[in-house]
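[1] turn this into a model:
(one chain, ligands or ions: 1)
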Amino acid sequence: MQLLDGKKVSEDIKNEIAVEVQQMKSRGEKVPHLAAVIVGTNGASLTYVGSKVKSCEKVGFESTLVSLPEETTEEELLAKVKELNADPAIDGYIVQLPLPKHIDEQKILLAIDADKDVDGFHPTNFGRMALEMETFLPATPYGIMELLERYKVETAGKNVVVIGRSHIVGRPMSILLSRKGYPGDATVTLTHSRTKNIEEITREADIIISALGVPYFLKGDMVKDGVTVVDVGITRVPDATNPRGYVIAGDVDFDEVSKKAAFITPVPGGVGPMTIAMLLKNTLLARSRRAKKGE
Ligand SMILES: Nc1nc(=O)c2c([nH]1)NC[C@@H]1CN(c3ccc(C(=O)N[C@@H](CCC(=O)O)C(=O)O)cc3)C=[N+]21
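    Numbering: from 1, shown residues only. Down below sits the predicted model:
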């Protein structure tokens, strides 16, 4: 069994980015500037946004955190989005999801300038991804592709089973792995809450990407020997014996599944850190695109 070490690979990627930023600086060029908008104070969301800001500092990017109260109206958030679209200092930005229920997420995502949409969530960028055009790939699926590539996991002609059809992970993951070329060319099955007899499907899989959010869902008897397993689930499970009061649980029963797996990601330290590294990579791309346009 080999660990797909997202923590380590993400550090490598951040070091590569830091080198490029240093070169930009020494040429007197503007460095990438990422902004993140967060509405409300969900504990987990605050953690992620905090680590994004920290990672920006680490690679030498500029970063701006826009923290808005839970009561922010849709109109106010739209106004902030328009302001970021128009701000020449900002190369790319994200609006942290989920948003409070009184705000229409789709309306916000549509308002983001596709050229600054480093999350790759705008319909234009999602379409470009599906059509195999150059674009900002959504950070989590992009990070998984990068992990598979750096560990040389074979994908061509393999049976890939994706669990979960979310717009930010499962759906784009299924598209990316079915695209032409490496790390794609796979035969992809997208499973979800209406899928019947899922264990019969997962048992045939060469690669399983689980993005479900159900702690310890994937058990040892649901996979075949030699499988590659990527665990996207991150759930905080209350645990009184832990000083934090919770433990971070993946979708995969690691103890059972790792006994049969050829490659497997840990949680934490797998897909999560890769997501942040790829967001930085997209922001670097946003900056170089804008530099080419003289912006
Ligand atoms: N517009 C938007 N873009 C996102 O990319 C986005 C979002 N909204 N909303 C929330 C999710 C979640 N997300 C994570 C990023 C890093 C870790 C991460 O680094 N996790 C660490 C530790 C986790 C912990 O300590 O809680 C790990 O897995 O090792 C996790 C989750 C990005 N998201």
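[2] contacting residues for T72?
    39-40, 100, 103 (Cβ atoms under 8 Å, 6 or more residues apart in numbering). No exception for glycine: its C-beta is placed from N, CA and C like everyone else's.
[3] interface residues of the protein facing the ligand?
    45, 47-48, 51, 94-97, 119, 139, 234, 248, 267-269, 272-273, 275-276 (Cβ under 6 Å from any ligand atom).
[4] show me where the stretch 151-295 of the chain has its strands.
    Under the criterion DSSP state E, counting those that start in this stretch, strands of the stretch 151-295 of the chain are mapped to 159-163, 187-191, 207-210, 227-231, 235-238, 246-249, 261-264.
[5] kindly reformat those as TSV containing mean pLDDT.
    Formatted as TSV, those follow (pLDDT from 0 to 100):
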stretch	mean pLDDT
strand 159-163	98
strand 187-191	98
strand 207-210	99
strand 227-231	99
strand 235-238	94
strand 246-249	96
strand 261-264	98
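[6] can you redo those as a markdown table with mean neighbour count?
    What follows is these, written out as a markdown table (neighbours: other Cβ atoms under 10 Å):
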| stretch | mean neighbour count |
| --- | --- |
| strand 159-163 | 25 |
| strand 187-191 | 18 |
| strand 207-210 | 28 |
| strand 227-231 | 26 |
| strand 235-238 | 13 |
| strand 246-249 | 17 |
| strand 261-264 | 21 |
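[7] now the ones you listed in a markdown table, with distance to Y151?
    Output for the strands of the stretch 151-295 of the chain, formatted as a markdown table (distance: least, Cβ to Cβ, whole Å):
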| stretch | distance to Y151 |
| --- | --- |
| strand 159-163 | 15 |
| strand 187-191 | 19 |
| strand 207-210 | 12 |
| strand 227-231 | 9 |
| strand 235-238 | 25 |
| strand 246-249 | 22 |
| strand 261-264 | 6 |
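[8] just so I know, which of those strands lies nearest K58?
    strand 246-249 (21.6 Å; Cβ to Cβ).
[9] give me the distance between that closest one and the centre of its chain.
    Relative to the centre of its chain, strand 246-249 is centred 19 Å away, using Cα atoms, centre = their mean, to the nearest Å.
[10] and what about the residue in the stretch 51-200 of the chain that the ligand sits nearest to, helix, strand or coil?
    Here the residue of the stretch 51-200 of the chain nearest the ligand is L97; by Cβ to the nearest ligand atom that distance is 3.9 Å. With DSSP: H, G, I helix; E, B strand; the rest coil as the basis, L97 sits in coil.
[11] tell me how many other residues crowd the nearest residue to it once chain neighbours are set aside.
    Spatial nearest neighbour of L97, excluding adjacent residues (Cβ to Cβ, 6 or more residues apart in numbering): E105 at 6.6 Å. Each residue near E105 was counted by other Cβ atoms under 10 Å, and the total is 16.
[12] numbering from 218 from now on, please.
    In the new numbering, first residue 218, that becomes E322.
[13] ok, now which ones touch E322?
    314-316.
[14] check S427 too.
    With Cβ under 8 Å, 6+ apart, S427 has these contacts: 380-381, 434-435, 446-450, 467-469.
[15] the same query, at a cut-off of 10 Å, please.
    S427 is in contact with 378-381, 386-387, 408, 419, 434-435, 446-450, 467-469, 474, 482, 488, counting by Cβ atoms under 10 Å, 6 or more residues apart in numbering.
[16] F343 too?
    Here F343 is in contact with 326, 331, 334, 337, 352-355, 384-385, 388-389, 392 (Cβ under 10 Å, 6+ apart).
[17] and if you look at L285?
    254-257, 293-294, 297, 312, 317.
[18] could I get those as a markdown table with neighbour count, pLDDT and secondary structure?
    Putting the contacts of L285 into a markdown table (neighbours: other Cβ atoms under 10 Å; pLDDT from 0 to 100; DSSP: H, G, I helix; E, B strand; the rest coil) gives the following:
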| residue | neighbour count | pLDDT | secondary structure |
| --- | --- | --- | --- |
| V254 | 22 | 96 | strand |
| I255 | 21 | 95 | strand |
| V256 | 24 | 96 | strand |
| G257 | 17 | 93 | coil |
| E293 | 14 | 98 | helix |
| L294 | 22 | 98 | helix |
| K297 | 20 | 98 | helix |
| V312 | 25 | 97 | strand |
| P317 | 17 | 95 | coil |
